[in-house]
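Peer 1: need a 3D model of the sequence below.
(3 chains)
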Amino acid sequence: MSLRAALRTKRCVSGLLSQLPSCSSHVRPRAPAVLVSQQRNNSTSPKIKVDFDQSTGVAIMQMQSPPVNSLSLDFLTELCISVEKLEMDKSCRGLIITSSQPKVFSAGLDIMEMYGKSPERCGEFWKAVQEMWLKIYGSNMVTIAAINGSSPAGGCLMALTCDYRIMADNPRYSIGLNETQLGIVAPFWFKDTMTNTVGHRTTEMALELGLLYSSSEALKIGLVDQLVPEDQVLTTATETMTKWLAIPDHARQLSKSMMRKPTIDKLTSNREVDINNFVSFITKDSIQKSLRMYLEMLKKRRG
Amino acid sequence: MSLRAALRTKRCVSGLLSQLPSCSSHVRPRAPAVLVSQQRNNSTSPKIKVDFDQSTGVAIMQMQSPPVNSLSLDFLTELCISVEKLEMDKSCRGLIITSSQPKVFSAGLDIMEMYGKSPERCGEFWKAVQEMWLKIYGSNMVTIAAINGSSPAGGCLMALTCDYRIMADNPRYSIGLNETQLGIVAPFWFKDTMTNTVGHRTTEMALELGLLYSSSEALKIGLVDQLVPEDQVLTTATETMTKWLAIPDHARQLSKSMMRKPTIDKLTSNREVDINNFVSFITKDSIQKSLRMYLEMLKKRRG
Amino acid sequence: MSLRAALRTKRCVSGLLSQLPSCSSHVRPRAPAVLVSQQRNNSTSPKIKVDFDQSTGVAIMQMQSPPVNSLSLDFLTELCISVEKLEMDKSCRGLIITSSQPKVFSAGLDIMEMYGKSPERCGEFWKAVQEMWLKIYGSNMVTIAAINGSSPAGGCLMALTCDYRIMADNPRYSIGLNETQLGIVAPFWFKDTMTNTVGHRTTEMALELGLLYSSSEALKIGLVDQLVPEDQVLTTATETMTKWLAIPDHARQLSKSMMRKPTIDKLTSNREVDINNFVSFITKDSIQKSLRMYLEMLKKRRG
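Peer 2: As a prediction, the model looks like this:
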């Protein structure tokens, strides 16, 4: 199965795919024309759309990889390049990450990158996941996640790497590191990021059970910072960004680094070990078997 | 005074013994006949009763050491052996720990093991306390504490080592690491376990003041996870266990280990030092004197 | 400008000086006569007034450096000597820290100690700030902050070093580590102290944004432990102290040390590096420039 075909029938590490209609249906219509018209002139259709407003210094990054913004190697690579470009542009001080896909922020790691792939390819994929986390968690920009849909597993991780999280107040949307429910395990830096956000005990129970939280539960435990009506997620993010940008950049960046550096250093000095751990785990027969069963279950569900 | 006689007039490191009627009265009646009939055929009456249901993979461990399930060397040894047996039995996936004694889960460390004993004996006792913690905190089984009564000091520690805590909703029952009130000090791994559960600041104040919390206060600070009416503690534990066992064992165990290993490693690599610290502290004249005064106060109270 | 003149037109690292009327007005009247009459016979007017009650073992330390108890080198030196004297007096078991200045507990580090000073002098000043923190955070006494006014930046730090914080229930009073708003950065041990008190995530956002919390917000996030009407702050502190002193000193002190020692050790073994970091940061042209602009803005405001 080619990557392109795989993308069309995208599966995602959500564990609760039934909650994500976009997962079990065919490719959805593209993003509205107005958005498409602003896309960069890439040879292939881009998975990431960036609107940078020079006057405010704020970039809005829309994830637009149908149907559910699964984090494939291609997607992550494109995302990392986009973030890096903005990071190097000193006029860009703030980054808002959101989704152009209905009902989903990001469904997390693309399961097709983990099933039936060579160890080399798995390693390359995992390195890209690390890179995404390192780039956003350590960004000098103010980063705000405008979570306008469900955000399981790697999608949750991406939201957690930001400075602030605004989620649509919709009980149908869920968020959490639910890897355990799929029989796989969140790596230590997913765990560290969540612990830094909601504390040790909440993280322990969340990871042991692979919990997905509704938006209101997520607010209660501090997994997100604010809930707003769905149509106000992006405008609230923009308003919030204005407040954050009123703070002197240098002092804010140093404070952020002081809080996050120990966690970042842990991965930076263990990247190869972490990649090897992932590859040897994911290529195990037992894990591959459960991924196959999961994929077959999805196929049947789609009928 | 023999250990047996000591057990009959059991004292416990509760600091608020007046709240535990069973502490200040004589030996209570045994557990109901139906439970006794299921006891293992030990030569001496067992302090631990285990009911393992092969069909569900769940073991219920009842602590039945009158009057208040004090953690004596004998008790801890029997408990560790029971946990180890279940741990090695791959068909056992879940462990519920509860008490068959009325009004008390466990009153904590047996003060008679710390008063007037030789350093060797004190060291042996402390090693057993460590062993209990290591076995339960690092267990591969799902562990649920069904806290159907008060649970001060070491009793609280035992509850904290489990994955989930359900407590009887009774304002007369209290729980907490109240060692400080007795003039003794919770060791670093008690502190670590509590910090992992309720955070640094709550633990700091709790340990400095030796706080005991009512069940509702305990729920509020996260020392327990759920309150239910007293007669539903065990059934709720059983229902909760079913939910936990729906999670793939392997992924749950790896997630649990990831959260707890650093804390476990700290004790594992410092067991001897920790034992020496305990022994040199507890055998101090000043500490022995305050334990004696405490025991005499208890004797008078019993009239 | 002499230090004395500077004190008369005191500026402080509050970032929200407009909330502190005492900052933008002239020198206020001295503390009431009854207090002054009990002052120690110092050659210069003392900035710290200590009332030690031998019968209770409790000392009340009033900060009385008009207008806003800014932490100058002189002030810190006097404070450290006072704390050390009490620490060495075994009959003194408890210390209540409060302010005799209206509407302010302490406005934090004295900005005049950081502007236009030689590196040597800056280093001396920073060493005194460290010393204050080390002395109170590691004190064997029970320490209670009776926060009867606003307490930004270094004032907040001083409150956080105590065992317990009681704040006046007044929405006009604020507390927080707001250094970032001034373009400067709280050092790692300010950060550690706050993290130990309110957790990682709250600290991260507080430091990135330089947040000041109203008294009720501060209670909500755990930055203070209790709110009482303004005229009851000191009496409540005294009553609370009685409860804390009912705990055996030795066990309480060991528990406190167990909780705080790792954080203290981090600074103790990095004092010189931390001083060098501060000096090289604060003497930067860009930082000095923003301090000058800040001071000029204050001058204009006083008109």
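Peer 1: around chain C, pick out the residues from chain A.
Peer 2: Contact residues (Cβ under 8 Å from any Cβ of the partner chain) of chain A with chain C: A:163-164, A:195-199, A:222, A:225, A:243-244, A:247-248, A:250-252, A:254-256, A:258-260. Where you see a C-beta, it was placed from the backbone N, CA and C, and this is true even at glycine.
Peer 1: okay, and which of those map to helices?
Peer 2: A:195-198, A:243-244, A:250-252, A:254-256, A:258-260 (DSSP state H).
Peer 1: now the buried members of the residues you listed.
Peer 2: A:195-198, A:244, A:250-252, A:254-256, A:258-260 (16 or more other Cβ atoms under 10 Å in any protein chain shown).
Peer 1: from the residues you listed, which is closest to chain B?
Peer 2: Distance to chain B across these (Cβ to the nearest Cβ) is lowest for residue A:195, with 8.3 Å.
Peer 1: quick check: pLDDT value at the closest one.
Peer 2: For residue A:195, the pLDDT comes out at 98.
Peer 1: ok, and the closest non-adjacent residue to it?
Peer 2: Sequence neighbours aside, residue A:203 is the residue nearest to residue A:195 in space, at 4.6 Å (criterion: Cβ to Cβ, 6 or more residues apart in numbering or on different chains).
Peer 1: and that neighbour, how many neighbours?
Peer 2: 27 (other Cβ atoms under 10 Å in any protein chain shown).
Peer 1: quick check: which ranges of chain A have low pLDDT?
Peer 2: Confidence mapping of chain A against pLDDT under 70 gives the ranges A:1-44, A:303.
Peer 1: what ranges do the strands span in it?
Peer 2: Applying DSSP state E to chain A gives strands spanning A:48-53, A:58-63, A:94-99, A:142-147, A:151-152, A:164-168, A:174-176, A:213-214, A:226-228.
Peer 1: note down every partner strand of the fifth one and its orientation.
Peer 2: Going back to what we said before, that points to strand A:151-152. strand A:174-176 (parallel) (DSSP bridges).
Peer 1: ramachandran coordinates for residue A:114?
Peer 2: phi -110, psi -10 (degrees, to the nearest 10).
Peer 1: for the closest residue to it other than its chain neighbours, what are its contacts?
Peer 2: Closest residue to residue A:114 apart from its sequence neighbours, by Cβ to Cβ, 6+ apart: residue A:282 at 5.0 Å. For residue A:282, the contact set (Cβ atoms under 8 Å, 6 or more residues apart in numbering or on different chains) comprises A:114, A:122, A:184, A:288.
Peer 1: as a markdown table, the residues you listed with neighbour count would be great.
Peer 2: Output for the contacts of residue A:282, formatted as a markdown table (neighbours: other Cβ atoms under 10 Å in any protein chain shown):
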| residue | neighbour count |
| --- | --- |
| A:114 | 22 |
| A:122 | 21 |
| A:184 | 27 |
| A:288 | 15 |
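Peer 1: which one of those residues is nearest to chain B?
Peer 2: residue A:184 (6.1 Å).
Peer 1: count the neighbours of the residue lying closest to residue A:137 once chain neighbours are set aside for me.
Peer 2: Of all residues not flanking residue A:137 in the chain, residue A:161 sits nearest, at 4.2 Å (Cβ to Cβ, 6+ apart). Burial measure for residue A:161: 22 neighbouring residues, criterion other Cβ under 10 Å.
Peer 1: wait, residue A:161 sits on residue A:130?
Peer 2: No. Using Cβ atoms under 8 Å, residue A:161 makes no contact with residue A:130, being 11.5 Å away.
Peer 1: helices of chain A, start to end?
Peer 2: A:3-8, A:21-24, A:33-36, A:73-88, A:119-137, A:153-160, A:188-198, A:200-209, A:215-221, A:233-245, A:249-268, A:271-282, A:285-302.
Peer 1: of those helices, flag the one that's most buried.
Peer 2: Mean neighbour counts were compared across those using mean count of other Cβ atoms under 10 Å in any protein chain shown; the top stretch is helix A:153-160, at a mean of 28.
Peer 1: angle of it against helix A:73-88?
Peer 2: Counting by axes from the mean of the first three to the mean of the last three Cα atoms, to 10 degrees, helix A:153-160 lies at 10 degrees to helix A:73-88.
Peer 1: quickly note the distance from residue A:98 to chain B.
Peer 2: Here residue A:98 is placed at a distance of 29 Å from chain B (Cβ to the nearest Cβ, to the nearest Å).
Peer 1: quick one: the closest residue to that residue other than its chain neighbours from chain C, how far?
Peer 2: Nearest residue to residue A:98, sequence neighbours excluded (Cβ to Cβ, 6+ apart): residue A:146, at 3.8 Å. Distance, residue A:146 to chain C, by Cβ to the nearest Cβ: 17 Å.
Peer 1: smallest gap between the stretch 1-150 of chain A and chain C, at which residue?
Peer 2: Of all residues in the stretch 1-150 of chain A, the one sitting closest to chain C is residue A:142 (8.3 Å; Cβ to the nearest Cβ).
Peer 1: report the contact partners of the residue of the stretch 101-250 of chain A at minimum distance from chain C.
Peer 2: Of all residues in the stretch 101-250 of chain A, residue A:248 sits closest to chain C, at 4.3 Å by Cβ to the nearest Cβ. Residues near residue A:248 by Cβ under 8 Å, 6+ apart: C:180, C:181, C:183, C:290.
Peer 1: got the contact list for the third one?
Peer 2: I take that to be residue C:183. A:248, A:250, A:251, C:287, C:290.
Peer 1: what about 10 Å?
Peer 2: By Cβ atoms under 10 Å, 6 or more residues apart in numbering or on different chains, residue C:183 lies in contact with A:247-252, C:15, C:210, C:286-287, C:289-291, C:293-294.
Peer 1: find the nearest non-adjacent residue to it, please.
Peer 2: In space, and not counting its chain neighbours, residue C:183 is closest to residue A:248: 4.3 Å by Cβ to Cβ, 6+ apart.
Peer 1: and the one you found, how far from residue C:244?
Peer 2: 40 Å (Cβ to Cβ, to the nearest Å).
Peer 1: widest-spaced pair of the ones in helices among the residues of chain A next to chain C?
Peer 2: A:198 and A:250 (28.8 Å; Cβ to Cβ).
Peer 1: so how far is stretch A:85-95 off the chain centroid?
Peer 2: 20 Å (Cα atoms, centre = their mean, to the nearest Å).
Peer 1: same thing with stretch A:46-64?
Peer 2: Between the centre of stretch A:46-64 and the centre of its chain there are 16 Å (Cα atoms, centre = their mean).
Peer 1: then stretch A:164-177?
Peer 2: 13 Å.
Peer 1: stretch A:157-170 now?
Peer 2: The answer for stretch A:157-170 is 9 Å, by Cα atoms, centre = their mean.
Peer 1: same check on stretch A:72-89?
Peer 2: For stretch A:72-89, the distance to the chain centre is 13 Å (Cα atoms, centre = their mean).
Peer 1: with stretch A:56-67 instead?
Peer 2: 12 Å.
Peer 1: gap between the residue nearest to residue A:114 and chain C?
Peer 2: Using Cβ to the nearest Cβ, we find residue A:282 at a distance of 30 Å from chain C.
Peer 1: please tell me how far that residue sits from chain B.
Peer 2: Distance from residue A:282 to chain B, by Cβ to the nearest Cβ: 12 Å.
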